[in-house]
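Chemist: Have a look at this prediction, sequence included:
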Amino acid sequence: MNQIAPLSPEELERYARHIVLPEIGGAGQQKLKRARVLVIGAGGLGAPMLQYLAAAGVGTLGIVDDDTISLSNLQRQVIHDTASVGKPKLDSARAAIERINPNVSVDLHNTRLDGSSAAALVAQYDVVADGSDNFETRYAVADACAVARRPLVHGSVGRFDGQVTVLKPYETGPDGKPHPSYRDLFPEPPPAGLVPSCAEAGVLGALTGVLGTLQALEVIKLITGIGEPLIGRLLLYDALAARFDTIRYKART
């Protein structure tokens, strides 16, 4: 992270509720201001992530998306509005971020990441948060983050359930063993057609807000160094039962 100007009086007021937290304070807010975060997808999970990361004062937000807004997106992708239907999600997301916090720089990447393009892009950022909706992108992003030694906050949703975890397979835990990777958690993608898409199976709109906000929290924890990130732990949320469960997992030997 590069050196950056001190917080302005306006920023001190904007982030006052962060700064009074001893765990964050002015030093933590400066870390947020210096940080570069790449968000994969400006959809259901990306929308709340971008909103809360922008509000938190993350200095630079990179957004990867190559889609346009459809009316059916608006039930859950709350960063977009009715007037934006038919427009690129990137443009709508940037406009929303500028309304939330003009101090945030926004880098737009109109592309769909794959194994050949992910590595160079991931390396430009400090933390990556994946809100993609397909396994090809998830594996490409996870592999690129592992090679570039960038922490990855993974999230996914379906119908009434969601999950979040943090991946840092290039580091070791207190026991000296490597942290698990995405492929330790999911060794290979499911056969084509086995897992229905949101368009096919549906998804509860507010569910993406819960999981995307949890992802934003994990990003903020990683940047500021507070708390215990979800490394080696898969947080599961069942919206119908209003229940959280945590599964621990390890690197495969």
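Modeler: Cool, got the structure. Numbers count the residues shown, from 1 in each chain.

Chemist: Please count neighbours and contacts with C-alpha atoms only from this point.
Modeler: OK.

Chemist: I'd say A123 and A148 touch.
Modeler: Yes: counting by CA atoms under 8 Å, A148 is a contact partner of A123 at 5.7 Å.

Chemist: for the protein, what's the longest helix?
Modeler: helix 205-224 (DSSP state H).

Chemist: Please export the C-alpha coordinates of that one as PDB.
Modeler: Extracted in PDB, the C-alpha atoms of helix 205-224 (Å, rounded to 0.1, in the frame of the first residue of the first chain):
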ATOM      1  CA  GLY A 205     -33.300 -10.900  -2.600                       C
ATOM      2  CA  ALA A 206     -32.400  -9.900   1.000                       C
ATOM      3  CA  LEU A 207     -30.200 -12.900   1.300                       C
ATOM      4  CA  THR A 208     -27.600 -11.400  -1.000                       C
ATOM      5  CA  GLY A 209     -27.600  -8.300   1.300                       C
ATOM      6  CA  VAL A 210     -26.700 -10.500   4.300                       C
ATOM      7  CA  LEU A 211     -23.900 -12.400   2.600                       C
ATOM      8  CA  GLY A 212     -22.500  -9.400   0.700                       C
ATOM      9  CA  THR A 213     -22.400  -7.400   3.900                       C
ATOM     10  CA  LEU A 214     -20.600 -10.200   5.700                       C
ATOM     11  CA  GLN A 215     -18.000 -10.300   2.800                       C
ATOM     12  CA  ALA A 216     -17.500  -6.500   3.200                       C
ATOM     13  CA  LEU A 217     -16.900  -7.000   7.000                       C
ATOM     14  CA  GLU A 218     -14.300  -9.700   6.200                       C
ATOM     15  CA  VAL A 219     -12.500  -7.300   3.800                       C
ATOM     16  CA  ILE A 220     -12.500  -4.500   6.400                       C
ATOM     17  CA  LYS A 221     -11.100  -6.900   9.000                       C
ATOM     18  CA  LEU A 222      -8.300  -8.000   6.600                       C
ATOM     19  CA  ILE A 223      -7.400  -4.400   5.800                       C
ATOM     20  CA  THR A 224      -7.400  -3.100   9.300                       C
END
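
Chemist: so what does the next helix or strand after it touch, helix or strand wise?
Modeler: Downstream of helix 205-224, the first helix or strand assigned by DSSP states H and E is strand 233-238. If you count contacts as 3 or more CA pairs under 8 Å, 6 or more residues apart in numbering; DSSP states H and E, strand 233-238 packs onto strand 161-167, strand 243-248.
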